[in-house]
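Q: Mind folding the following:
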Amino acid sequence: MLKSYAAKTDQGPCLEINEDDIYTDITNNLFLLFDGFGGAGVGDVAVSQLKDKISSFYSKIGGDPDSTMPFVFNSRYLLEMNSLINSSLMAHESLMKENETKEMHQRGGSSMAGGVLCGNIFNVMSIGNTICCLIRDSKVQIVSNPDCMTPPWMDTYQPQFHTAPLNALGLFTKLGYEVKEVRVKEGDCIIMMSDGVYARILPKDLREIVGNQKMKESEKVEKLFSLANERGNRDNQSTIVLRF
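A: Below is the predicted model of the structure:
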């Protein structure tokens, strides 16, 4: 079903440390995008730990009907999404326990967009200030909204600092998350972005760039990064593009 994909993370035009990260596992059809916070040596370390724990735990229980879900099981969702939710809750709990032993300025956390492809169903788990969109037939649909101060795309770019996450892995005891499902079809594109990209990108840009069938997925990502930077981005940047 998945024809091609591209994934990239970058420190951006101004920062020396990248607190964003990405993870792709084609064998398990797992795609993770992180936007960390806490500063150098804090946010980047937290993201690295979250990525390792979620991907490792998911590889053990994802798709196994005999697996025990240690935190929650929701019959509304496919087994694979339940596995991702439990993997994320496990990593969140671990980071929360570690943060409790530290001073406030030493505590790190991360927003996340996690995607799992099951046949023609793309499942998305969204936490904090990430966004997932579907581009279909030259139209842009938001699959999961960022949980931040200002909603995206009010016919303008988002002001600086208005994309601070209102929820995140490692931030609050009770983790808030949004789960969505999309039945993809041939010609569709799914894109997940951190705020270093989406805060300076409009729907028409996604239509023209991500919806362009003549461009390679890697070229689309580079174009989005460049365009966001031209419009004043100062943050780390991460994007995953999936073409079906």
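
Q: so the closest residue to Val182 other than its chain neighbours is in which element?
A: Excluding the flanking residues, the one nearest Val182 by C-beta to C-beta, 6 or more residues apart in numbering is Phe122, at 4.7 Å. (Each C-beta comes from the backbone N, C-alpha and C, glycine too.) If you go by DSSP states H and E, Phe122 is part of strand 121-127.

Q: Does anything pack onto that strand? Which helices or strands?
A: In terms of contacts (3 or more C-beta pairs under 8 Å, 6 or more residues apart in numbering; DSSP states H and E), strand 121-127 is packed against helix 79-100, strand 109-118, strand 139-144, strand 178-183.

Q: Report the buried residues of it.
A: By neighbour count on 16 or more other C-beta atoms under 10 Å, the buried set for strand 121-127 is Phe122, Asn123, Val124, Met125, Ser126, Ile127.

Q: and the residues you listed as a markdown table, adding distance to Ile135?
A: Converted to a markdown table, the buried residues of strand 121-127 look like this (distance: C-beta to C-beta, whole Å):
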| residue | distance to Ile135 |
| --- | --- |
| Phe122 | 13 |
| Asn123 | 18 |
| Val124 | 14 |
| Met125 | 20 |
| Ser126 | 17 |
| Ile127 | 22 |
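
Q: how about those residues in CSV, adding distance to Phe71 and pLDDT?
A: Listed next are these as CSV, based on distance: C-beta to C-beta, whole Å; pLDDT from 0 to 100:
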residue, distance to Phe71, pLDDT
Phe122, 23, 98
Asn123, 17, 98
Val124, 19, 98
Met125, 13, 98
Ser126, 18, 97
Ile127, 14, 97
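
Q: Go through those residues and say which is closest to Glu217.
A: Nearest to Glu217, judged by C-beta to C-beta, of the buried residues of strand 121-127 is Phe122 at 15.4 Å.

Q: so where is this structure shaky, pLDDT-wise?
A: Across the chain, the ranges flagged by pLDDT under 70 are 63, 154-155, 158-161.

Q: would you say Val197 is within a strand?
A: No. Counting by DSSP: H, G, I helix; E, B strand; the rest coil, Val197 is not found in a strand; it is helix.

Q: what is the residue sitting nearest the centre point of the chain paired to in the beta sheet?
A: Nearest to the geometric centre of the chain sits Ala113, at 2.3 Å (C-alpha atoms, centre = their mean). Beta-bridge partners recorded for Ala113 (DSSP bridges): Leu33, Ser126.
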